[in-house]
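Participant: Below is the sequence, then the predicted model.
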Amino acid sequence: MKKVLILSLIALMILSINIGANAKEGGIQQYNLPNLGHAKYSVEKALDFSVYASESVEEQQETKSEEQVPADEEQAPADEEQALINPEQQDTSELDYDKPVVALTFDDGPSKYTPEILEVLRENNSKATFFVVGSSVNKYKDTLNQIINEGNEIGNHTYNHKDLTTVTDEELYKQVKGTDDLIYSATGYTPAIMRPPYGASDDELNKKILKPVIKWSVDTRDWENRNTEMIVNEILENVQDGDIVLMHDLYESTAEAAKIVIPELVERGYQLVTVSEMSEYRGISLTEGEQFYNMYIN
Ligand SMILES: [Zn+2]
């Protein structure tokens, strides 16, 4: 008799699991409300990213190509659905169409230097774009929210700075979607744009990234020179209307350069805008799967 009861219980359990599975595949997309603590926990758990939780890019860095920071771990898939929330609707109405625009971009952060860069942006009524790594999201949650609340843009820069040309499609998905999920859990915002580490991608890879791929037209090589004067000179000697400038908010020398170059560019008549703002200003649509090095007029 007991045996029958146990078998019935097992049958009942199997049945309810099936019902659950069917309900999930029922076709209606589920949009989770941002239950921050829990969502973050489950995303991290699903991805098994917790093992690197405290390992910022800063601590892992190693020189390679234009940037640094490899890491060779593996992650498990993330399959949570999430609401796609656009950034604060970019308001380009205040921009002066007679004046040139430049998009400063800061990769690999956030770090302890990011707030210094945000401060100088704020003081100069300027905006920038921060391509962040998923591995630093939880440590710098407040900074991420500050980035967005002050009208700047966040872009996706993978979870742990993988060279995406070397990974499987599954790993690519995890690196991009997993980082989106972490950023969403921390801020309620999902990045609209992506920059592959080292700028390493080709047409085929860009298509798989499923976001507009943003590269750059001015490379300060700040990760290599760590020299404020060199960074400032590289920008001021080369900058032109429609440039996308590559920097990294991991270094004191870069933060110091930002303090010089931001007011100077404003003084020279440049409007410092986010990548998305610049695309609107230029009437260029940021199409997913395509890459953008600059937004020159022609
Ligand atoms: Zn990078």
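Facilitator: Looks like it came in fine. Bear in mind that the values here come from a model prediction, so they are computed numbers and not experimental data. Residues are numbered from 1 along each chain as shown.

Participant: What segments of the stretch 51-200 of the chain are strands?
Facilitator: 63-64, 67-68, 101-107, 129-132, 153-156 (DSSP state E, counting those that start in this stretch).

Participant: Quick check: which of those is nearest to residue 118?
Facilitator: Of all the strands of the stretch 51-200 of the chain, strand 129-132 sits nearest to residue 118, with 9.0 Å by CB to CB. C-beta here means a position set from N, CA and C on the backbone, and glycine is covered the same way.

Participant: Could you see whether the ion lies near the closest one?
Facilitator: No: shown here: strand 129-132 not in contact with the ion (CB under 5 Å from the ion), separated by at least 6.9 Å.

Participant: Neighbouring strands - and their directions - for that strand?
Facilitator: strand 101-107 (parallel), strand 153-156 (parallel) (DSSP bridges).

Participant: With mean pLDDT and distance to residue 181 as extra columns, can I get those in TSV?
Facilitator: TSV is the format used below for these (pLDDT from 0 to 100; distance: least, CB to CB, whole Å):
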stretch	mean pLDDT	distance to residue 181
strand 101-107	98	20
strand 153-156	98	10
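
Participant: Looking at those strands, which is nearest to residue 280?
Facilitator: Taking CB to CB, strand 101-107 is the member of these nearest to residue 280, at 10.3 Å.

Participant: how about that closest one against the ion, any contact?
Facilitator: Yes: shown here: strand 101-107 in contact with the ion (CB under 5 Å from the ion) through residue 107.

Participant: Can you list the neighbours in contact with that strand?
Facilitator: Residues from elsewhere that reach strand 101-107 (CB atoms under 8 Å, 6 or more residues apart in numbering): 67, 95, 114, 117, 126, 128-131, 155, 157, 195, 214, 216, 239, 241-249, 254, 258, 262, 265, 270-275, 277-278, 281-282, 295.

Participant: what's the helix or strand for the residue lying closest to residue 219 once chain neighbours are set aside?
Facilitator: Excluding its sequence neighbours, the residue lying closest to residue 219 (CB to CB, 6 or more residues apart in numbering) is residue 246, at 5.0 Å. Applying DSSP states H and E as the criterion places residue 246 in strand 243-248.

Participant: List the strands paired with that strand, with their directions.
Facilitator: Applying DSSP bridges, one finds strand 243-248 paired with strand 101-107 (parallel), strand 218-219 (parallel).

Participant: Show the model's pLDDT score for the residue nearest to residue 241 when sequence neighbours are not counted.
Facilitator: Spatial nearest neighbour of residue 241, chain neighbours left out: residue 100 (3.4 Å); criterion: CB to CB, 6+ apart. Per-residue pLDDT puts residue 100 at 96.

Participant: I'd assumed residue 272 was in contact with residue 100.
Facilitator: No: using CB atoms under 8 Å, residue 100 makes no contact with residue 272, being 10.3 Å away.

Participant: more neighbours, those two?
Facilitator: Using other CB atoms under 10 Å as the criterion, residue 100 and residue 272 rank with residue 272 on top: 21 against 16.
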